[in-house]
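Enquirer: sequence below, structure please.
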Amino acid sequence: MKRRMKWLFCTLFVLAGALPLRAGHTLRGTVTNASGKAVETATVQIMDRDKTIAYAFTDARGDYAVTYETDAPQIRIVVSHLSYEKHTALLDVGDKRHDVRLKDKNKALQEVVVKAPEIYQRGDTLSYRLSAFTGAADYTLSDALKKLPGVEVSDKGAIKYLGKDISDFYIEGLDLLGGKYNVATQNLPASYVTSVQVLTNHQPVKVDEAAFSDDVAINIKLSKHAKLRPVGTYEATVGRGDKTRYYLAGAGMLFNPNFQLLAALKLGDTKEFAEQEGMDHFADDAYTPTTRTVLGELTASHPPIKRERYISPQDHALSLNLIRKLKPEVTLKTNVGYAHTQTGHSYASEQVFPNDAGAITITQQYAPDANKHLPFLSMEYKDNGAKRYIVDNLTANAAILDASLPMSDGTWGASLQREKYRGGNVENRLSVRWKSGQLGWGVASFIRYNRTPEGRIDISTKDGEHLTQRATGSHALVRTTLSAVYETRTSRLYLPLTVDYGVEQLTTALQQDTVAADNLLDGASLHVHLSPQYEYTHPLRRFIFRCGATLGGELLDYTNRGSLPSAYRKSRWTAAPSLYFYYALSPRSTVRLQGAYAETDGDLSDLLTAPVRNSLTTERRGLGLLARSRTLSAQANYDFKLPLEMLFCYVGASYVQQRNTLMPSLAVSPRLIEATTRQMPHLTRHASTYFGITKQFQSIETKASFNAGLTHGRHSMIQNERLYNYRLSTFWLNPTVVAKPFSGPVELTYSYHLVKTFNRISSGRTATHLSQTHDIRLHVQPAPQWLLTASSDITTEDQMAGRPVTATLFDLGATYRHRALRLTLDLRNAFNRRHYSYSLFSAVNTYTYSYHLRGREVWLTASLTK
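Expert: Residues are numbered from 1 along each chain as shown. The predicted model follows:
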């Protein structure tokens, strides 16, 4: 392991040293008019021959600063503004200052139309004029964000810039929603938004303003209409297909400089929306109760098509969000919400498990139905001053689940499975930081209490067999961090000390006829870590280097007093080093390199020595040993952007190597699949590369993007007492074009998604699978009030036996708009396609699914925006 750590560090340093270190030149100056008044938002371009090598914009005082690199002895500076004559001058490379006085344009212009630039950059802020990129079919902010070059929006609403997830979402500079920004992007009309700002190197904590940040944030700038008075959107849909469907929605908003409110109420059964609106995109460390992990979900299968095509939902969502500025730097925020979703669908599956005596095939049919209630509450007080930072965040949420799974197969016949789950979670995060000269101090605490008073699965078959699996549990965690930081002009030394104490209980009980199996688990853990970190920042922020390590000890004490008692008590010292390097090759491109080593333990579920049944045909149990993993990871990223040319590009690669003490094992029979582990050290490797480029051709109003990636992994597992070593590789690509070929009345969107999977087993068997999806959208606006829409989803799956299977789903729509009122008639699934099939690999096994789709439907929608 030491040898591998040296290899990682040497590789990162060699890569860092291989980067070009040409000296950058910074030119500063002030731009004024003939009267000596400052000229704001003037464009300052640095030209090397006929090529723009750097640019900047003047601020409110007319000042600019532009950094450039060139091997030429001279450069040309071009300063331009819509209201003034262009200024051009030749300068020597290395000149430090050049002030400019612009001349007024003398010629009289008749019928001048003044347009703001579509995109401009000032410092680390990139601003998009939203109306320059949207079309007649872009109603919500989410629709509009998808049109911005360099910005990506996932199917779940997560926003990325140059492939990187955003860390903050603001509306007029206020953090109203936190990670639950779907409430804004899906309810805020695009017509209310004037511009979208992308804040790179964003540092949200003013006490740490001098510290480098690699985070990206989004700030939404609203129109005067949206800020002067309360505004709202209302929508009603009625439809008919297999059944009568409806949808009702209303959202009210108020955006004042010192107060913001956004309330939304939705209910209906045309589509799912409740869970997605309550999704927190910033909750990377969200806790999943062990009880929930143990029981699993009866309805966990998800095909690679839009859920609206096969899910029959019944959703309700309520959200109330408000934030108030108590002082210029002090805010109080409250977010309250409730989501209810009931979903049903039906599908069949064929599972193929390789075996020495021949493959085992299990064929089943399902009709799952799930009913969830998800209330939540969040309250936050924040004082974000330049010398003091205080934030206290209290959150509470609950999960209430009732699910049923009627099933039939050739072994068990007809059966019915029911799941009942009740759980609640309360968390409080407090952080206090302050500065005194070159020293900074911090105190932080995190408290979590989670309880699952009831978790239960009941299973019965037509032959009279019955079993019940129960699980209850609780978890409490207290984490305290004391930190100090010493900073100079270019260096920062962090010294955080963290004490982490947690206790957990988990009880399971399996009752099957005369057989009973219990797990009674108690666990306690103590972690004490000192995590020193040194950071060096170049005076001009050309590069940033960080190195750190997490040093400390941990004590684990887990006991199972159930049917098969076991205990695990262990104390150990740990050291987890990490490296980070950021280099700005130019104002247009950056490189990031990072590497880390970490050691982690399993959780209390590893001590489940008595069996736990999470469905009729699946069972799991542990060895009574806690899993131990040692992970080595490295990542490299490069991004390049030319905002004025609307060209954005990123490329990256990552590598993860993990040594595990326990190996997964399956025992497969036609009646039961038993999942357990074996005490057998093994190594897994995972490497990936990815690439993305976006270009906006504004002259032809076309956005073209291309994304691709390749992942490769080496894994091992035991199945039916046989060891399998296998390699799983996946190649994917996704080109997308959004074009207005006739400059306005016609808009065409085409997206192609290809996924090719290769599964190679050491025994010699190789299997491949190809999936292709074409997503086509055509919008035609024959008159200002009318919009005609045609769309198609075409999916082709290459099955392992037989010819490829293609499914085509076709929709039509017509919209009439009169002022704030919009009427839409939609024909969904016009060809009445009723089935969809696909296959996938999981380890060495193959799974084929066939889903029943919703049939042809007609929807009539009325929308009002005020």
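Enquirer: what number of residues lie near Arg819?
Expert: Arg819: 8 surrounding residues under other C-beta atoms under 10 Å. The C-beta positions use only the backbone N, C-alpha and C, and glycine is treated the same way.
Enquirer: so what does the closest residue in space to Pro539 that isn't next to it in sequence have for phi and psi?
Expert: Among residues not flanking Pro539 along the chain, Thr490 sits closest, at 6.1 Å (C-beta to C-beta, 6 or more residues apart in numbering). Geometry field for Thr490 lists phi and psi as phi -120, psi -10, criterion degrees, to the nearest 10.
Enquirer: same deal with Arg307?
Expert: According to degrees, to the nearest 10, the main-chain angles of Arg307 amount to phi -60, psi -30.
Enquirer: my read: it touches Glu275, true?
Expert: No - taking contacts as C-beta atoms under 8 Å, Arg307 lies outside contact range of Glu275: 10.4 Å.
Enquirer: so these two - more neighbours on which side?
Expert: Higher neighbour count among Arg307 and Glu275: Glu275, with 18 against 15, using other C-beta under 10 Å.
Enquirer: let's verify the more buried one: helix, strand, or coil?
Expert: Secondary structure of Glu275, reduced to three states by DSSP: H, G, I helix; E, B strand; the rest coil: helix.
Enquirer: returning to that earlier point: pull the number of nearby residues for the residue nearest to Pro539.
Expert: 12.
Enquirer: residues contacting it?
Expert: The contact partners of Thr490, taken as C-beta atoms under 8 Å, 6 or more residues apart in numbering, are 536-539.
Enquirer: of all these, which comes closest to Ala54?
Expert: Minimum distance to Ala54 across the contacts of Thr490 is 17.3 Å, recorded for His538 (C-beta to C-beta).
Enquirer: could you measure from that closest one over to Lys96?
Expert: Separation of His538 from Lys96 (C-beta to C-beta, to the nearest Å) stands at 18 Å.
Enquirer: so between the two, which is more surrounded?
Expert: The neighbour comparison of His538 against Lys96 (other C-beta under 10 Å) goes to His538, with 15 against 9.
Enquirer: pretty sure that one is in contact with Ile544, am I right?
Expert: Yes - the criterion here is C-beta under 8 Å, and His538 meets it with Ile544 at 7.1 Å.
Enquirer: identify the residue nearest the geometric centre of this structure.
Expert: Ala158 (4.7 Å; C-alpha atoms, centre = their mean).
Enquirer: I'd say that one and His281 touch.
Expert: Yes - between Ala158 and His281 there is a contact at 5.0 Å, judged by C-beta under 8 Å.
Enquirer: who touches both of these two?
Expert: Taking C-beta under 8 Å, 6+ apart as the criterion, Ala158 and His281 both touch Asp165.
Enquirer: now the closest residue to Ser167 other than its chain neighbours: how far from Ile323?
Expert: In space, not counting the residues next to it along the chain, Ser167 is nearest to Asp215; the distance is 4.0 Å by C-beta to C-beta, 6+ apart. Asp215 sits at a distance of 20 Å from Ile323 (criterion: C-beta to C-beta).
Enquirer: so which of the two has more stuff around it?
Expert: Just comparing Asp215 and Ile323: by other C-beta under 10 Å the higher neighbour count belongs to Ile323, 21 against 15.
Enquirer: picking up where we left off before, does the residue nearest to Ser167 touch Val198 like I think?
Expert: No - with the criterion set as C-beta under 8 Å, Asp215 and Val198 do not qualify as a contacting pair; they are 11.4 Å apart.
Enquirer: before we move on, back to that, show me the contacts for the residue nearest to the centre of the chain.
Expert: Ala158 is in contact with 165, 281, counting by C-beta under 8 Å, 6+ apart.
Enquirer: next, it: phi, psi?
Expert: As for Ala158, its main-chain torsions (degrees, to the nearest 10) stand at phi -70, psi 140.
Enquirer: Ile544: neighbouring residues, count only.
Expert: Each residue near Ile544 was counted by other C-beta under 10 Å, and the total is 21.
Enquirer: so where's the stretch 401-550 of the chain uncertain?
Expert: Low-confidence regions of the stretch 401-550 of the chain, defined here as pLDDT under 70, cover residues 410-412, 514.
Enquirer: can you map out the helices along it?
Expert: Secondary structure of the stretch 401-550 of the chain (DSSP state H, counting those that start in this stretch): no helices present.
Enquirer: wait, isn't Val39 in contact with Asn33?
Expert: Yes - counting by C-beta under 8 Å, Asn33 is a contact partner of Val39 at 5.6 Å.
Enquirer: among the contacts of Thr490, which one has the most neighbours?
Expert: Neighbour counts for the contacts of Thr490, by other C-beta under 10 Å, peak at Thr537, which reaches 21 neighbours.
Enquirer: got the contact list for that residue?
Expert: 212, 490-492, 544.
Enquirer: what is the nearest of the residues you listed to Thr288?
Expert: When the contacts of Thr537 are compared for distance to Thr288 (C-beta to C-beta), Phe212 wins out at 32.4 Å.
Enquirer: checking that closest one next. Helix, strand or coil?
Expert: Of the three states, Phe212 takes coil under three-state DSSP.
Enquirer: the nearest residue to it once chain neighbours are set aside: what's it in contact with?
Expert: If you skip the residues right next to it in sequence, Phe212 has Ile544 as its closest partner in space, 4.7 Å away by C-beta to C-beta, 6+ apart. Contacts of Ile544 were listed using C-beta under 8 Å, 6+ apart, and they are 212, 535-538, 580-582.
Enquirer: now Lys103
Expert: Neighbouring residues of Lys103 by C-beta under 8 Å, 6+ apart: 34, 84-85.
Enquirer: please apply the same query to His835.
Expert: Counting by C-beta under 8 Å, 6+ apart, His835 has contacts 807, 850-853.
Enquirer: which of the residues you listed sit farthest apart?
Expert: The most distant members of the contacts of His835, if one measures by C-beta to C-beta, are Ala807 and His852, lying 12.4 Å apart.
Enquirer: what about these two, which has more around it?
Expert: Relative neighbour count places Ala807 above the other of Ala807 and His852, with 21 against 15, counting by other C-beta under 10 Å.
Enquirer: look up how far Thr749 lies from that one.
Expert: Note on Ala807: its distance to Thr749, by C-beta to C-beta, is 20 Å.
Enquirer: swap in Ala471?
Expert: 46 Å.
Enquirer: pretty sure Glu747 sits against Lys703.
Expert: No - using C-beta under 8 Å, Glu747 and Lys703 do not qualify as a contacting pair, with a distance of 10.7 Å.
Enquirer: how about low-confidence regions in the stretch 701-850 of the chain?
Expert: 743, 763-764, 799-803, 843.
Enquirer: can you pull out the strands in the stretch 451-600 of the chain?
Expert: Counting by DSSP state E, counting those that start in this stretch, the segments of the stretch 451-600 of the chain that form strands are 466-487, 491-512, 515-530, 533-537, 543-560, 566-586, 589-601.
Enquirer: pull the CA atoms of the fourth one into PDB?
Expert: Pointing back at strand 533-537 there. What follows is strand 533-537, C-alpha atoms only, in PDB (Å, rounded to 0.1, in the frame of the first residue of the first chain):
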ATOM      1  CA  GLN A 533      -4.300  20.900   5.700                       C
ATOM      2  CA  TYR A 534      -1.900  23.300   4.000                       C
ATOM      3  CA  GLU A 535      -3.000  25.500   1.100                       C
ATOM      4  CA  TYR A 536      -0.900  27.700  -1.100                       C
ATOM      5  CA  THR A 537      -2.500  30.200  -3.400                       C
END
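Enquirer: report the inter-axis angle for that strand versus strand 466-487.
Expert: Strand 533-537 and strand 466-487 meet at an angle of 50 degrees, taking axes from the mean of the first three to the mean of the last three C-alpha atoms, to 10 degrees as the criterion.
Enquirer: partners of strand 533-537, with directions?
Expert: Each strand that strand 533-537 pairs with, and the sense of that pairing, follows from DSSP bridges: strand 491-512 (antiparallel), strand 543-560 (antiparallel).
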